[in-house]
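In: have a look; sequence and predicted model below, questions after that.
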Amino acid sequence: MSRDMMASFELYQPDSVENAVDLLSRFGEDGWAVAGGHDTLDWFKDRAKYASNVVDLTGIAELRGIRETADGVEIGALTTLTEIEQSNLIQERYGVLADAARRVASPQIRNTGTIGGNVNQDARCWYYRYGVDCYRAGGTTCYADTPEGQNREHCLWGADRCVAVSPSDTAPALVALDARMVVRSSDGEREVAAEDYFIGPDVDIERMTILEPGELLTAVRLPGDWAGATFYFEKVADRNTWDFALVNIAAAMVVEGGTISRIRMAAGAVECVPRRLTVVEQVVTGSEKNEETAALAGQAAVRGATPLNYNHFKIPLLENLVKRAIRDA
Amino acid sequence: MAWDLIGKDFVPPDIRGKVTGRAKYAEDYRAEGMVFGRVLTSPVPHANIVNIDASEALAMDGVLGILTADDEGLDGLLTNEPKFVGDFILAIAATDETTAQDAIDRVNLEFEPLPYTVDPLESLYPGGPDARADGNNVGGGRTGLELRRVKWTAADFASVAEDQLPMGDAVIEWAFGDLDAGFEDAVYLIDESFVTQGNSHHSMEPRTAMAYWENGKCYVHSGSQSLTASLPSIAAQLGVGLDDFVYINEYCGGGFGSKGTPGQTVGIAGHLSRKISRPVMLRVSRHEEYYIGSARGSLQGRVRMGFAADGTVTAIDFSVVQDGGANGGFQDAGDAAAALSIIYQPGAMRFRGIPVVTNTTPRGPQRGPGQNQIAAAVEPLIDRAARELGLDRLAIRRANAPDNSGTVGGRQLLVSSAYMPEALDKGAAAFDWEARSQTSGQRNGSKVRGVGIGQAYHDVGRTGYDGLVVLTPDGKLQLHSGVGNLGTYSYASTVRAAAEILKCDWENCVIHQGTNARFLPWASTQTGSNTSWTMSRTNYVAAVDAVDKLKEIAAMDLGGEPGDYDIGEHRVFATEDPERFLTYAQAAQRAIEIGGRFSGETPPDDIHEVTRLAVAGIAGTGLVGVAKDKLRMEGDIPALACGFAAVDVDIETGKIDILDYVGVADCGTVFHPQGLSQQLRGGGVWGVGLALFERQIYDPQNGLPGNTGFEQCKPPTYLDLPSEMRWAAVDIADPQNPVGARGIGEPPMGACAAAILCAISDALGGHVFNRTPVVPDMIVNYVAGRDQSSRPLQLHTA
């Protein structure tokens, strides 16, 4: 239930990653990192979630910016979605990410929303956001996965007491690019494949990523493997701006002589994590990039989908988007 | 007729404040010692409050007081039987808003859950749940019907197929003509059941209120569509006389029907302020607006229509179940029926309707209530008839379109004027219907082209209100506008009728509005698109009264009879000798000296008490023109609109691109061109929402609302619209309005929604969906040959 009135909290504004992770480590479960605030402020204003210690990351310069590295590009977690969308470097080498960033929310939100916030945002299941005592909120039921539950936006795969989906537009692009997520804590730095960064309810029903309390996503690294590849991104939402995906699709492929020699593809909003479409990758690798392959890819993509009462449209929609990714990229 | 001001653009005086941010809305005001109130709203759809333990909350530092339904004089502002999630249970005041919310969070409610329903048909089924503990499940609210209990029989439900609307006892019925003969005469019949889903008003400005008391007077700030029309009800709600109540309502950040009257927050703020002897700001957030605000009523309907070979409609049998929400709702059902009767001019018609109370957000009138939903539901069926009869879709509409012989509703009221054939012709020319209709079904990759036409109606006239103008000794014309400032600028455009009659330069006119402290006359609510027609008449009669008084004073001072004088260039002069004159400034000074009815000291007997108080306030300041509108009003005053749309339907994604839109108004003389364009295009944007996006969602298992934010309500964004929405107007005067104007705000929405839905059907090769909005999953499922997720008559689904 929306209250739209934040409770008071202590605000910390560190100027370095080191200070930030120290604070987050000290506060543990009672600490909350905030960047653009688009996810955080909703939770706080609704009083559905609360932390008494909020660590504002926006003063940490080292978290900002897009940098070339020896093996690709590194994007600071605090880099805004607008900066990514407008970056020549990203547009030229990793256009699928620029396209994905361009389809997030609205221009105003992209101007302050960050790549870190976009991939770390919490589930958008309307029941969970409403503040009910569902499994994901620590309760003992799922309101969406019921005979009359309004679950149009929910998952086709990976249901496990929770049927929420990954809401991010950039996450499937990062999985398709085989991005590496850089995580810092007081124990040091570790790097995790984007595909492994996101976790489903079977792993931990109260989290969407591997981030533990005290940990911070500091950067996203895009390896050179897929730089300049053939890309495809498409998001289908009810509205053309300020809406979450009903299904989105991201693909990176290398096409040589009309044949798909390498490909990575991921879909969002069909599972709690960005769904890597490895079956599709296997089906189309080595095949000509044509309508027939596209059709086979679409059919392969939806095998095993288990719809809920109001979301079976996602099956033909995903099938069509995969088909378009192969056909139109 | 050539006018100097009517039909010309002008800059309404509140524009500058709006574009510079200086405009002050209710939430922007502060009063000395002001504190904040917060409301505890119901977490459940229906319950009896057994006990309220607020001891912990009231013990908090900074908490000043509590108001519950048990306080005297609240008359339903708060409740011990919440009937929807969000219903107001109690309010707490504290020195700051956070403390007030902290206190709300510490209130322990003990409640007994009661049966509830979010589905009108379930409530009508024998033994079905009732939305109210008293067992009444039909009527109430603003339906015009007494609350009552109605249950249909199981046989009523069993007598129709699953996808057909059952109809047991109706509570609203009318009919005209020989229905059986009408259907027998038909060569083609349509029989379809449909659903139109309700949607939030989502006004930009939430319904915040601030109230304080000084020396027995109550001062209230709120943003409402209406001003003086609201005074008696708010004053009564707060237990004060009209002369002890000051209402400040200079700007209204959108209402769309949901703020025709100020509503609960005003009363709660006023009572809480009185109880704790402090000014109270009761702020409603944008978020809260969605579930404690108001929404359009949903319709579950069935329409049977008969068509002759030439496309004329021979008979309509229309039945509808209206979801009235927790308050019983508005008159959507009857308004929908009236709209069918005027748009298609059937030879015979029967209407049966029933508004049902449900445990959902209270429903209020929203831009074309009933009329716009029915346009969206039925216009695509007209296209089907056209195809079956081999007729052009423009031609079938023209064959039925109302002209000056058109009639409305069960009583077959004659229209004051109607030019729908002309509107259709104008739109067809602007859209190039003849050429564009040849593009139907053209395929470009996964996209399929469709074009469509939509029509809609609303009734827009009232009478009996007052006008008030004053010529002051500085030569200015003081124009007192008692309507609200909804954003249509009609508060300003209608007073130009008075300036026109008095032949005043606009630069010499001063508009008074925004608070009854500025002495405003009794005016209609600014609802139902009626301001243009209704309030231009009141300004006209006030101006005529002023003209008469000018001539009387001139005759007194300059000799002769009043009839020997005319007006012009801010003078009253002898017709035979224009150099014998008084300036308006001189006449105003003379009115003050003469007194009596000339200066407002003895106002007419037939004006409303609100106007009498206003006249008393300005008496002695100049020559007062004041009168009640008793001009002829006969039959129905219609607003009519049509729209033409071209879309591409992506059959792989279900997405709709609106490529072009033309909206045309039949609203009498064009009063204010910029205002009209705003109504046609803005209404069109709302129509896009009605057709494609907006719907209220409820989980029937727990009554939870799924729309608690802007993002979930999905009003259209710029990227969902064509780059330009074109418009035109018939611009033929209405004979019952002295400046020829009729209103127009409501039907452009229904016309646009219907045009888009017809275009979608056109692209898909025929009418498919008996449901609005048409969302991507419906198209994807249809193209894939899959069943739709929602059952045929199911409401409140995503």
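Out: Ah, there it is.
In: residue of the stretch 301-450 of chain B with the smallest distance to chain A?
Out: residue B:446 (7.7 Å; C-beta to the nearest C-beta). No exception for glycine: its C-beta is placed from N, CA and C like everyone else's.
In: that residue: how many residues sit nearby?
Out: Counted with other C-beta atoms under 10 Å in any protein chain shown, residues neighbouring residue B:446 total 18.
In: quick check on it: phi, psi?
Out: The phi and psi values for residue B:446, taken as degrees, to the nearest 10, are phi -90, psi 0.
In: again, but for residue B:569
Out: Taking degrees, to the nearest 10 as the convention, residue B:569 sits at phi 50, psi 40.
In: just give the number of residues close to it.
Out: By other C-beta under 10 Å, neighbour count at residue B:569 equals 12.
In: ok, now how distant is it from residue B:475?
Out: As defined by C-beta to C-beta, to the nearest Å, residue B:569 lies at a distance of 11 Å from residue B:475.
In: again with residue B:619
Out: Separation of residue B:619 from residue B:475 (C-beta to C-beta) stands at 19 Å.
In: and residue B:440, how far from residue B:101?
Out: For residue B:440, the distance to residue B:101 equals 56 Å [C-beta to C-beta].
In: correction: residue A:99
Out: 41 Å.
In: repeat for residue B:607
Out: Distance from residue B:607 to residue B:101, by C-beta to C-beta: 46 Å.
In: residue B:1 too?
Out: Using C-beta to C-beta, residue B:1 is found at 58 Å from residue B:101.
In: looking at those two, which has the bigger crowd around it?
Out: When neighbours are counted by other C-beta under 10 Å, residue B:101 comes out ahead of the other of residue B:1 and residue B:101, with 22 against 9.
In: now name the helix or strand holding that one.
Out: Residue B:101 is part of helix B:97-105, with elements assigned from DSSP states H and E.
In: which strands or helices does that helix pack on?
Out: Under the contact criterion of 3 or more C-beta pairs under 8 Å, 6 or more residues apart in numbering or on different chains; DSSP states H and E, helix B:97-105 touches strand B:35-41, helix B:55-58, strand B:63-68, strand B:88-94.
In: which residue, other than its chain neighbours, is closest to the residue of the stretch 51-200 of chain A at minimum distance from chain B?
Out: Nearest residue of the stretch 51-200 of chain A to chain B, counting by C-beta to the nearest C-beta: residue A:152, 3.7 Å away. Spatial nearest neighbour of residue A:152, excluding adjacent residues (C-beta to C-beta, 6 or more residues apart in numbering or on different chains): residue B:798 at 3.7 Å.
In: now swap in residue A:131 and tell me
Out: Nearest one to residue A:131, counting by C-beta to C-beta, 6+ apart, is residue A:48 at 3.7 Å.
In: likewise residue B:238?
Out: residue B:270 (4.5 Å).
In: again with residue B:407
Out: Excluding the flanking residues, the one nearest residue B:407 by C-beta to C-beta, 6+ apart is residue B:414, at 5.7 Å.
In: helix, strand, or coil at the one you found?
Out: Recorded secondary structure, residue B:414: strand (DSSP: H, G, I helix; E, B strand; the rest coil).
In: partner residues bridging residue B:281?
Out: Taking DSSP bridges as the rule, residue B:281 bridges to residue B:36, residue B:210.
In: go on, residue B:568?
Out: Applying DSSP bridges, one finds that residue B:568 bridges with residue B:571.
In: was I right to think it contacts residue B:502?
Out: No. Applying C-beta atoms under 8 Å, one finds residue B:568 not in contact with residue B:502, separated by 9.7 Å.
In: between those two, who's got more neighbours?
Out: Remark: of residue B:568 and residue B:502, residue B:502 carries more neighbours, 26 against 11, as counted by other C-beta under 10 Å.
In: right, and the more buried one touches residue B:546 too?
Out: Yes. Using C-beta under 8 Å, residue B:502 is in contact with residue B:546, at 6.1 Å.
In: identify the contacts common to those two.
Out: Residues touching both residue B:502 and residue B:546 (C-beta atoms under 8 Å, 6 or more residues apart in numbering or on different chains) are B:469, B:471.
In: any chance of the helices and strands packed on helix B:97-105 in CSV, plus mean pLDDT?
Out: Shown next, in CSV, are those (pLDDT from 0 to 100):
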stretch, mean pLDDT
strand B:35-41, 96
helix B:55-58, 98
strand B:63-68, 98
strand B:88-94, 98
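In: so who does residue A:21 touch?
Out: Shown in contact with residue A:21 (C-beta under 8 Å, 6+ apart): A:184, A:185, A:186, A:214, A:215, A:216.
In: going by neighbour count, which of these are buried?
Out: Buried residues within those, defined by neighbour count using 16 or more other C-beta atoms under 10 Å in any protein chain shown: A:184, A:185, A:214, A:215, A:216.
In: farthest-apart pair in the residues you listed, please.
Out: The distance between the two most remote of the buried ones among the contacts of residue A:21 (C-beta to C-beta) is 9.8 Å, for A:184 and A:214.
In: list the contacts of the residue nearest to residue B:97 when sequence neighbours are not counted.
Out: The shortest distance from residue B:97 to any non-neighbouring residue, by C-beta to C-beta, 6+ apart, is to residue B:36 (4.1 Å). Taking C-beta under 8 Å, 6+ apart, we find residue B:36 in contact with B:93, B:94, B:95, B:96, B:97, B:100, B:280, B:281, B:282, B:283.
In: give me the number of neighbouring residues for the fifth one.
Out: For residue B:97, the neighbour count with other C-beta under 10 Å is 18.
In: before we move on, what about the third one?
Out: A count of neighbours around residue B:95, defined by other C-beta under 10 Å, yields 16.
In: and it, backbone torsions?
Out: phi -70, psi -30.
In: now stretch B:723-734, how far from the centre of its chain.
Out: 20 Å (C-alpha atoms, centre = their mean, to the nearest Å).
In: okay then, goodbye and thanks.
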